[in-house]
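>>> output the structure for:
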Amino acid sequence: MPSLQFTAESSSNGMIERDFTVGDVPGVLWSPASSGTDRAPLVLMGHNGGGHKKHPSMSGRAQRLTACGFHVVVIDAPGHGDRPRTAHDEQDIAELRKAQATGTQGPVVVRYNARLAELAVPEWQATLDALQELPEIGTDGPVGYFGLTLGTAIGVPLVAAEPRITAAVFGLMWPDAVAEAAQQITVPVEYDIQWDDEIIPREAGLALFDAFASKEKTLHANAGKHFDFPRFEADSAVRFFARHLGRTANSPANSPA
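Okay, the predicted model is just below:
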């Protein structure tokens, strides 16, 4: 099993930030500054396509979650953040940029994300294995997953394959490559769509929500286009994890989502 190596540590606003690697995969672990070695639930968080582990949306959501007593971890997806791009990555990205110019990116994004998910799911499992060796996380604590767009494309097959994850928040993704995995998910799910999404058709978002086999699943539909996704949905995700992973939701109001 690849070992976890911490490479840097800092703290601000009541949150400890620790950079790490598991093998050659870089990540960041955020924790409440006051937790010490006390056990706390862990939320795995997947970043958006084109983003990275410390994107403001990731650190903002982590601020909300650590304020409620959670540990939060993000790793860079293949070809993102501090990870080098392969020739295959460059080819896929060039094809994506061309498709975006004509508004036909859907099939390209689905194929690209599916390839990244195939690589990223075992990386996430290795990261979870390594983090559960830490005394403040442990092997018996609850684990959640939170990811939109690419974070959903990777997260759906991860949650389907990983019994340690007991609650998940997803959103903003086509069903094409992940519907089969969604049908294997029975843990509580919160799913977000944008009602007027010009990139992912409403019917596609509803089809993916319908595919989840969870007895407890909630659909959040907000007016607006794809990039109008509201920040307050991050607060809803915190409340969702507080219900299912066992913490009190009192997230700060002004962190970036």
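
>>> what about S31, is that helix, strand or coil?
Under DSSP: H, G, I helix; E, B strand; the rest coil, the three-state class of S31 is strand.

>>> so it sits against A40, correct?
Yes. Counting by C-beta atoms under 8 Å, S31 does reach A40; the two are 7.5 Å apart. In this view, the C-beta of every residue, glycine as well, is placed from N, C-alpha and C.

>>> who touches both of those two?
Counting by C-beta atoms under 8 Å, 6 or more residues apart in numbering, the common neighbours of S31 and A40 are 71, 136.

>>> which neighbouring elements make contact with the lowest-mean-pLDDT helix or strand in the chain?
The weakest-scoring helix or strand in the chain, judged by mean pLDDT, DSSP states H and E, is helix 87-101 (a mean of 92). Secondary-structure packing of helix 87-101 (3 or more C-beta pairs under 8 Å, 6 or more residues apart in numbering; DSSP states H and E): helix 106-131.

>>> the helices in the stretch 151-257 of the chain, which residues?
For the stretch 151-257 of the chain, applying DSSP state H, counting those that start in this stretch gives helices covering 179-182, 202-211, 232-245.

>>> buried set for stretch 44-61?
Neighbour-count burial for stretch 44-61, with 16 or more other C-beta atoms under 10 Å as criterion, is recorded at 44-49, 51-55, 57-61.

>>> for stretch 228-247, same thing?
For stretch 228-247, by 16+ other C-beta under 10 Å, it's 229, 233-242, 244-245, 247.

>>> same check, this time on stretch 125-138
126-128, 130-132, 134, 136-137.

>>> likewise for stretch 170-185?
170-179, 181-182, 185.

>>> ok, now stretch 71-85?
71-81, 83.

>>> now, which of those residues lie within strands?
71-75 (DSSP state E).

>>> among these, which two are most distant?
Farthest apart among these by C-beta to C-beta are H71 and I75. That separation is 13.7 Å.

>>> span of stretch 202-220 from start to end?
12 Å (C-alpha to C-alpha, to the nearest Å).

>>> mind listing what the closest residue in space to H244 that isn't next to it in sequence touches?
Spatially, and ignoring its direct neighbours in sequence, H244 is nearest to A167 (3.7 Å; C-beta to C-beta, 6 or more residues apart in numbering). Contact analysis of A167 by C-beta under 8 Å, 6+ apart lists 142, 144-145, 187-189, 240-241, 244-245.

>>> export the residues you listed as CSV, with columns for distance to G14 and pLDDT.
As requested, the contacts of A167 are arranged in CSV below (distance: C-beta to C-beta, whole Å; pLDDT from 0 to 100):
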residue, distance to G14, pLDDT
P142, 22, 95
G144, 20, 98
Y145, 24, 98
V187, 29, 98
P188, 28, 98
V189, 29, 98
F240, 22, 97
F241, 18, 97
H244, 23, 96
L245, 19, 95
